[in-house]
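Colleague: I'll drop the sequence and a predicted model, then ask my questions.
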Amino acid sequence: QVHLVESGGGLVQAGGSLRLSCAASGPTFSNYDAGWFRQAPGKEREIVAGITWSGGITVYVDSAKGRFTISRDNAKNTVYLRMNSLKPEDTAVYYCAAKFRYSSRATYDYWGQGTQVTVSS
C-alpha cells in the first residue's frame, strides 16, 4: 500500500509560482507511475500531469503545458509539480496519485489527501 502526502500548496498572486511535493512511503515507489490531479469547487477532478515510473515520459493537460512541470526523484520517493505563471483558474485542491507500473488499468489506485492552491487576481 502506497501512502502519499502532498505539501507546498498555498496562496499566491497571479503570475507567481509554487512547487508541490508528494512524498511516498510503502512499497518501492519507483515501481509506480504518478500523477497530479486537481479539483476546483463545483467541478470534476481532472488530471493535470502524469509521469511514468522512470520519469521518462510526462504528459500534461493542455492548460498546463508550458507552465507546469512534473518531475520525480525516486531516490527520495517524491514527485513534484512546479507551477509557473499561475492563473486564478488554477485555484483548486491538488492531489497526488499513483498506480503500479504494470497495472492494466488506467485508473490510479492510491491518493493523497490534497493540498489547496489559491491564486489571487
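Modeller: Everything's here; your move.

Colleague: for the record, mean pLDDT for the helix or strand containing residue 20?
Modeller: Per DSSP states H and E: residue 20 is located in strand 18-25. The pLDDT scores in strand 18-25 average 97.

Colleague: Could you do stretch 82-94 as well?
Modeller: In this model, stretch 82-94 has an average pLDDT of 98.

Colleague: Make 31 the first number, not 1, from now on.
Modeller: Taking 31 as the first residue, the last one we looked at is stretch 112-124.

Colleague: got the contact list for that stretch?
Modeller: Stretch 112-124 has contacts (CB atoms under 8 Å, 6 or more residues apart in numbering) with 36, 39, 42, 44-50, 66-70, 73, 78, 93, 97-101, 111, 144-151. To be clear about C-beta, it is placed using only N, CA and C from the backbone, and glycine gets the same treatment.

Colleague: In ChimeraX, select just the buried ones from those residues.
Modeller: Buried members of the contacts of stretch 112-124, defined by 16 or more other CB atoms under 10 Å, are picked up in ChimeraX with:
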select :36,39,42,48,50,66,67,68,78,98,99,100,111,144,145,147,149
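
Colleague: In strands, which of the contacts of stretch 112-124 appear?
Modeller: Those of these mapping onto strands are 36, 42, 48-50, 66-69, 78, 98-101, 111, 145-150, per DSSP state E.

Colleague: most centrally placed residue in the chain?
Modeller: Centroid-nearest residue in the chain: residue 66, 2.2 Å away (criterion: CA atoms, centre = their mean).

Colleague: ok, now which ones touch that one?
Modeller: The contact partners of residue 66, taken as CB under 8 Å, 6+ apart, are 50, 52, 77-80, 100, 109, 111, 124-127.

Colleague: can you redo those residues as JSON lines with distance to residue 60?
Modeller: Conversion of the contacts of residue 66 to JSON lines gives the following (distance: CB to CB, whole Å):
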{"residue": "50", "distance to residue 60": "20"}
{"residue": "52", "distance to residue 60": "14"}
{"residue": "77", "distance to residue 60": "21"}
{"residue": "78", "distance to residue 60": "22"}
{"residue": "79", "distance to residue 60": "18"}
{"residue": "80", "distance to residue 60": "16"}
{"residue": "100", "distance to residue 60": "15"}
{"residue": "109", "distance to residue 60": "11"}
{"residue": "111", "distance to residue 60": "18"}
{"residue": "124", "distance to residue 60": "22"}
{"residue": "125", "distance to residue 60": "21"}
{"residue": "126", "distance to residue 60": "16"}
{"residue": "127", "distance to residue 60": "16"}
